[in-house]
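In: With the input below, show me the fold.
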Amino acid sequence: MSGSLLDAGAVIGCPHGGRVTAATTPSGGVRIEGAAVATAAHTYVVTGCPHTQDGVHKPCVSVRWTADGTGVTVAGVPVLLDTSAAQCFTAAFVPQGPPVVQAAQRKVTVR
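Out: Numbers count the residues shown, from 1 in each chain. Alright, predicted model coming up:
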């Protein structure tokens with residue numbers, strides 16, 4: 001799988017407009033232009049999701065990324081690409097759809 005490397009500065013949202021951020025600092029030692037490289041080992045949270053279902057607020061609160069088979073790792077953990085598979089979840093772990101990567105580091109691509 002190919003794609004652009006995600007870093008701590010990537011702009012990512014849930015499918016409903018909430019903001020996805022790393023709850024833990026991605027790979028503090030590996031950086032691209034000062035931004036930490038994102039890996040599958042870190043926890044990602046969603047804030048500000050307005051999603052409702054049948055009038056009940058059911059916001060996305062977390063994202064789970066699936067490690068790609070690119071072979072590119074940081075400290076043995078797969079890096080995240082803008083093409084990496086992921087799913088947003090509610091607090092009850094109900095899948096809500098994939099996150100939307102709006103902007104990613106374009107200086108490094110993985111093929």
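In: give the contact list for V46.
Out: By CB atoms under 8 Å, 6 or more residues apart in numbering, the residues touching V46 are 14, 18-20, 59-63, 88. For glycine as for every other residue, the C-beta is placed from the backbone atoms N, C-alpha and C.
In: Quick check: nearest residue in space to G48, chain neighbours excluded?
Out: G18 (4.7 Å; CB to CB, 6 or more residues apart in numbering).
In: For D82, see how far away that neighbour is.
Out: G18 is 18 Å from D82, where distance means CB to CB, to the nearest Å.
In: Any chance you could list what contacts stretch 86-96?
Out: With CB under 8 Å, 6+ apart, stretch 86-96 has contacts from 14-16, 18, 20, 46, 49, 51, 58-66, 97-99.
In: which ones among those residues are found in strands?
Out: Mapping these onto strands (DSSP state E) picks out 20, 46, 62-65, 97.
In: Would you reformat those as JSON lines and include distance to G34 and pLDDT?
Out: Formatted as JSON lines, those follow (distance: CB to CB, whole Å; pLDDT from 0 to 100):
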{"residue": "V20", "distance to G34": "20", "pLDDT": "94"}
{"residue": "V46", "distance to G34": "25", "pLDDT": "97"}
{"residue": "S62", "distance to G34": "26", "pLDDT": "96"}
{"residue": "V63", "distance to G34": "23", "pLDDT": "95"}
{"residue": "R64", "distance to G34": "27", "pLDDT": "93"}
{"residue": "W65", "distance to G34": "22", "pLDDT": "90"}
{"residue": "G97", "distance to G34": "31", "pLDDT": "97"}
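In: Quick check on those: which are buried?
Out: 20, 46, 62-63, 65 (16 or more other CB atoms under 10 Å).
In: Relative to S2, which of the residues you listed is nearest.
Out: W65 (16.4 Å; CB to CB).
In: what residues are up against that closest one?
Out: 40, 44, 80, 84-86.
In: If we ignore the residues flanking it in sequence, what's nearest it?
Out: A86 (4.5 Å).
In: Okay, the one you found and H57: tell me how far apart.
Out: Taking CB to CB, one finds A86 at 22 Å from H57.
In: How many residues are close by T21?
Out: T21 has 14 neighbouring residues, counting by other CB atoms under 10 Å.
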